[in-house]
Structure formats: structure tokens, C-alpha cells
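Colleague: Just the structure for this:
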Amino acid sequence: MALLLGRARNWIKTWQVQRICGTWRRAAPGRISRTLKTTTYWIATAVLTVMLLLGGLLDLAHASPVIQTLAALGYPPFLASILGAWKLLGAAAIATPGLPRLKEWAYAGVVFELSGAAASHAFAGDPAGKIAVPLVLLAFAALSWALRPATRRMGEVLPGALVPPRTARARAA
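Modeller: Now for the predicted structure:
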């Protein structure tokens, strides 16, 4: 039984199996398949975008839970309007194809907003559950950012800037 479980575990580790056009395909060991990466990207992006849309709408509507939370954290109520507008704009930027530089700024804004929310709850002495919610949403944002397809990436701003120039010693070796 242990041998069977060990083989099953090894099979799961080394094979990424997916159903494509009626055939099973093996991905390279240690690499996730393109379909799995794309699917995970779209799920994370959908969760992030819906979270930003709903949060932005609730903030702009000055929903009572939002205003109560802001008051409990010591922030003024008008902050909800500012955050709501930025959340809606961020959701639009992340969901819209193209505009890679704007996407980078939107992801950065999401990181600032969610890390600030977690820190505010932590400094206010709120329970761990209220601190964990923004951190879990931040994990979805990180997944969405890290798994973006090449068509949604900005590319290199300064190509070759991080590559040190070749020296005479490097060429000789």
C-alpha cells in the first residue's frame, strides 16, 4: 500500500495531466502546463476584478459596513469615495486588454490598498480574521500579476539594463 501511495505521489509530482482534444499530455517536469497557468491566471484575475468592482461600488455608495469600518480604524468617511473611485479604475485597467503600463500601476495600487488595509486592521488590534482577508485578496492579486500572459506584460523598460557588460575576463573564460 505504501509503495502504491508513493508511486501515486511521484506521478502527481512529475506529471501535469490535462485533457486536450481527447488526448492526455505530459508537461515538462517541474513546469506547470500552459493551460493550467492560463486557467489559474484567469481565475485569480476574475476574483481580483470582482473584488475591486464590488469594493469600489460599496465604497462609492457609502455602505454602512464600509463607513463603520473606516470609523473604527480612525479614517474619515470621505476616504471611501476616494478608494471607491480608484478601485473601479483599477478593476477596469486590470480587466482591459492592452495598456501594460497602466496595468502595472493598477497592480501596484492594489498592493498598496490591500497591504494598507491589513496593516490598519493589525494596528487597530482587530482579530486575525480581519487581517487575513486583505492578505488573501493580496495573494490573488500576486497570482494574477505573476501569471499574466506575455500579451499583458510591459516587457523590459530598458532592455539589457540589468545585464552587466561583458568584460575581457568574461570573454577569455
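Colleague: Could I get the contacting residues of the closest residue to G74 other than its chain neighbours?
Modeller: Excluding its sequence neighbours, the residue lying closest to G74 (Cβ to Cβ, 6 or more residues apart in numbering) is A124, at 7.4 Å. Yep, even glycine has a C-beta here, placed from its N, CA and C like the rest. For A124, the contacting residues are A72, L73, G74, by Cβ atoms under 8 Å, 6 or more residues apart in numbering.
Colleague: Local confidence estimate at A124?
Modeller: Per-residue confidence (pLDDT) for A124: 95.
Colleague: Repeat that for W42.
Modeller: For W42, the pLDDT comes out at 92.
Colleague: Now do the same for it: helix, strand or coil?
Modeller: Secondary structure, DSSP: H, G, I helix; E, B strand; the rest coil: W42 is helix.
Colleague: To what extent is it buried, counted in neighbours?
Modeller: 13 (other Cβ atoms under 10 Å).
Colleague: if I pick it, what's in contact with it?
Modeller: By Cβ under 8 Å, 6+ apart, no residues touch W42.
Colleague: so the spatially most central residue of the chain is in which element?
Modeller: Closest to where the C-alpha atoms of the chain average out (Cα atoms, centre = their mean) is A141, at 1.9 Å. Assessed by DSSP states H and E, A141 sits inside helix 128-146.
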